[in-house]
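**Student:** From the sequence below, what's the structure:
(chains A and B)
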Amino acid sequence: MTSTMTKPKIAFYWCASCGGCEEAVVDLGEDLLAVVELVEVAFWPVALDFKREDVEALEDGELAAAFINGAVRTSEQEEMARLLRRKSAAVIAFGSCAMFGGIPGLANLYESRDILDAVYREAPSVQNGDGTLPAEQSRVPEGELTLPAFSASVRTLDQVIDVDYYLPGCPPPVGLIKSAVTALLEGKLPDRGAVLAPDVALCSECPRAATKPDKLLVRAFWRPHQGLIDPELCLLAQGLVCLGPATRAGCAAACPGGNMPCTGCMGPTSNVVDYGAKALSAVASILDADGEEEIAARVAEIADPVGTFYRYSLPASLLHGRVRPPAGKEKKEEAAP
Amino acid sequence: MSREIVIDPMTRLEGHGRIHIFLNADGGVDRAYLQIPELRGFEKFVQGRRAEDMPQITSRICGVCPMAHHMAATKALDDLYQVDPPPAGRKIRELLYNAFMVEDHALHFFFLGGPDFIVGPDAPRQKRNILGVVDAVGLEIGKEVIGVRKQLRDLVAAVAGKAIHPVFGLPGGVSRSLSGELQQQAAAAAARAIEFSQFALGAFRKTVLGNPGYVEFITSEAYTHRTYYMGLVDDANKVTFYDGTLRVVGPDGKELLRFAGRDYLDHVAEHVEPWTYMKFCFLKDIGWTGFADGAASGVYSVAPLARLNVADGMATPRAQEAYEEFVTTLGPKPVHHTLASHWARIIELVYAAERMAELAADPQITDPQVRTLPAAVPREGIGVVEAPRGTLFHHYRTDERGLVTAANLVVATQNNAARIALSVDKAARALIRNGQVDEGLLNRVEMSFRAYDPCFGCSTHSLPGHMALIVEVRDADGSLVQELRRD
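**Tutor:** Model (predicted):
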């Protein structure tokens, strides 16, 4: 990892995530080796030996870009996000958790106390007669031990800091990562605020697109385990809830390629405020039903609408799952010049 | 007079391991605690979700081993709907599962645990990583590691939709059949994986077994625990990953239990401590007697070393040969040396590659019949697999619509949690004298748990992370005497 004055510096960081975004970067394979030749990786905790102090020592705005994945859950993650914001010319929200909250964002449906009870008291394998729960402070024979408080509140990255670019997907497709890095290196990034993926619906790149009827009409939806899925035909036309029409392209329709419906991890195209509402209305609009009442009844038949339409985006949604902007939101760090 | 030492990953990463060491008046270790400070709560927020979405939702517990969660969940759905996949459906699952095992074990050996041996435990920190490994073994081999990984992951993506967070698992089978073209792709990937596994084994022989110092280190008492072991075996008591019977052997190597995964609640229980978010598994048949090893304690261990300890051998020829060398060198079984896990992992890598080749060559695997449609009313389902890091249980209850009402996830590293806690305590006691803590000590303590390839992300369904360490030495008043960090 040789460094020269001319190489742009970049950073990778993870907040609350599963590690899949890091694996996606490793999946660049030999291209990763090529990228490493062209940039100086100034910070990447999972792979390289740099410290927070090294980041603190940088000039404000000295990093060309920081790629931050994962949702924000802890004060430490928030601090780190703010620090990287200050040091970076561009911050890229990397992956669906950073962009929308992701699957861990479903925790916003429940209170922390319910989660603790489920894990430590109600789980059938637990032997916990006195109902012990992990505690912020506990006495052991040798002294006292502390734990951070457990928080169920999950926030998107741009609910905490200003974000310049977004790279969606769970995880982001390797091709999009490569294009984003190339655009960065060539100074060809689009206007701030852009999502670095095609701004069209997933159906446009779906190998089944040709079999999608001009006017889709579905009598009733069925679930993937209930029938055999035709590997060639449009999944919506078969009666499966496929979120392709409401979802952004860029993954080459990987899940329909695996003969399963799109679940919306790429999020919406740019003209949509609330992904789940858009997905729900896209699905409702193709129901072959008469009148609003029947449509409402059919929609009500869809099992688990929250988990189906807001699977990756509850913290970003306008629904009750939205986390109130924290007090710190008003003090958002200014983007470095 | 007493002092405390906290070994904490960077404070900015709350979701990682933390070691808290209490010193006694003589500067020796009173007790070292391993704390896991974060939890995500999948068990709760999957309530209300559709059962058939569980393979895709629970894979997000871990992006490093998504296939393990995907498969445990898929098998739980088989049980939930009382359906068995047709032969081709089952074989496609096992093929991809073994492809994943090769790739994950290789990742650990070359990127995570291996650098300690290939580059050396006392090499500078900056060298003890994949780049140091590439320096030590050559760029060509580094490229081969990357190339094999890519070929395996491309295969998984082609069949399962995506390598990170696959989508192909359904109750009673898989979402699509395997074309002749994909079968050839699988056969080619398997052939390369076998070759690669032989290289990895050779590299281990040369760098570790060829160095008497390492062998002595591996077998030293500081890294040894006599506990029970658990793992899946086939009908001939050979190691298996995708499916089998759970077998438990005691510290003396004798079989204590054989049971089906769906009876796990009769034998596996979890203990809760207030000072960590990690739950500690133990054998119900023996009971929880605290953090202790030996036959009277229900503490047990899973993952590669445990699997080799519970099995009578490996089901494929090259892996069996490697297994015999392992037993001859470190036996008699059970092998209680934690650091021998690294060797066991490579033997498993050989098996996974050979098993892949067997499945890819099976003409039945391209049969178009890959699903059995469910007819039963769903109620309860339990699935078990051997994840790279050990036995993994998924257990769901649902309503009659197949919406999850309760979920229990007993994850690989959790099965190992008590023994990992013991290992850290024992290593700290053996290595810290007169309150003296130095840089070298940190890696030695770290090695005591890195051997398990622990995934604390998985085990508390919380954040994964690298094992950066901060040691703070504080006096009885809490003021800082010494700080060491390596993050």
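
**Student:** residue contacts, the closest residue to chain A within the stretch 151-300 of chain B?
**Tutor:** Using C-beta to the nearest C-beta, B:Gly161 is the residue of the stretch 151-300 of chain B that sits closest to chain A, at 2.2 Å. For the C-beta atoms, the positions are set from N, CA and C on the backbone; glycine is no exception. Contact criterion C-beta atoms under 8 Å, 6 or more residues apart in numbering or on different chains gives A:254-255, A:257-260, B:167-168, B:175 as the residues in contact with B:Gly161.

**Student:** in the stretch 351-487 of chain B, which spans are helices?
**Tutor:** Along the stretch 351-487 of chain B, the segments classed as helices by DSSP state H, counting those that start in this stretch run B:412-415, B:417-431, B:439-450, B:456-459.

**Student:** ok, back up a step: please name the nearest non-neighbouring residue to the residue of the stretch 151-300 of chain B closest to chain A.
**Tutor:** Take B:Gly161 and drop its neighbours on the chain: the residue closest to it by C-beta to C-beta, 6 or more residues apart in numbering or on different chains is A:Gly258, 2.2 Å away.

**Student:** Could you list the low-pLDDT ranges of chain B?
**Tutor:** Chain B contains residues with pLDDT under 70 at B:1-3, B:7-17, B:112-114, B:121-122, B:124-131, B:438-440, B:442-443, B:446, B:453-487.

**Student:** Geometric centre of it: which residue is closest?
**Tutor:** Centrality entry for chain B: nearest residue to the mean C-alpha point is B:Arg389, 0.7 Å, by C-alpha atoms, centre = their mean.

**Student:** Tell me who's in contact with the nearest residue to B:Asp116 once chain neighbours are set aside.
**Tutor:** In space, and not counting its chain neighbours, B:Asp116 is closest to B:Met447: 5.8 Å by C-beta to C-beta, 6+ apart. Contacts for B:Met447 were tallied using C-beta under 8 Å, 6+ apart; they are B:116, B:121, B:223, B:339, B:427.

**Student:** helices or strands next to the longest helix along chain B in the packing?
**Tutor:** Ranked by residue count and defined by DSSP state H, the top helix of chain B is helix B:180-204. Using 3 or more C-beta pairs under 8 Å, 6 or more residues apart in numbering or on different chains; DSSP states H and E, the elements in contact with helix B:180-204 are helix B:87-107, helix B:139-160, helix B:317-330, helix B:341-360.

**Student:** switch to 10 Å and redo it
**Tutor:** The contact analysis (3 or more C-beta pairs under 10 Å, 6 or more residues apart in numbering or on different chains; DSSP states H and E) places helix B:180-204 against helix B:87-107, helix B:115-118, helix B:130-137, helix B:139-160, helix B:317-330, helix B:341-360.

**Student:** where do the helices sit along the stretch 151-300 of chain B?
**Tutor:** Defined through DSSP H, counting those that start in this stretch, the helices belonging to the stretch 151-300 of chain B, from first to last, are B:180-204, B:212-218, B:264-267.

**Student:** Need those in CSV (columns: mean neighbour count).
**Tutor:** Putting the helices of the stretch 151-300 of chain B into CSV (neighbours: other C-beta atoms under 10 Å in any protein chain shown) gives the following:
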stretch, mean neighbour count
helix B:180-204, 18
helix B:212-218, 15
helix B:264-267, 17
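
**Student:** For B:Ala68, which of these is the nearest?
**Tutor:** Of all the helices of the stretch 151-300 of chain B, it is helix B:264-267 that lies closest to B:Ala68, at 16.1 Å by C-beta to C-beta.

**Student:** Generate a markdown table for the helices and strands packed on helix B:180-204, with mean neighbour count as supplementary columns.
**Tutor:** Conversion of these to a markdown table gives the following (neighbours: other C-beta under 10 Å):
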| stretch | mean neighbour count |
| --- | --- |
| helix B:87-107 | 25 |
| helix B:115-118 | 22 |
| helix B:130-137 | 19 |
| helix B:139-160 | 19 |
| helix B:317-330 | 17 |
| helix B:341-360 | 26 |
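
**Student:** Domain parsing of chain A, as residue ranges.
**Tutor:** A:9-103+A:152-197+A:321-331, A:111-146, A:202-265+A:268-309 (automatic domain parsing).

**Student:** quick one, which of those domains is packed in tightest?
**Tutor:** Using mean count of other C-beta atoms under 10 Å in any protein chain shown, the stretch among the domains of chain A with the largest mean neighbour count is domain A:9-103+A:152-197+A:321-331, at a mean of 21.

**Student:** and the gap between the most centrally placed residue in chain A and B:His165?
**Tutor:** With distances taken as C-alpha atoms, centre = their mean, chain A has A:Ser96 as the residue nearest its mean C-alpha position (1.3 Å). Here the criterion is C-beta to C-beta, to the nearest Å. By it, A:Ser96 lies 10 Å from B:His165.
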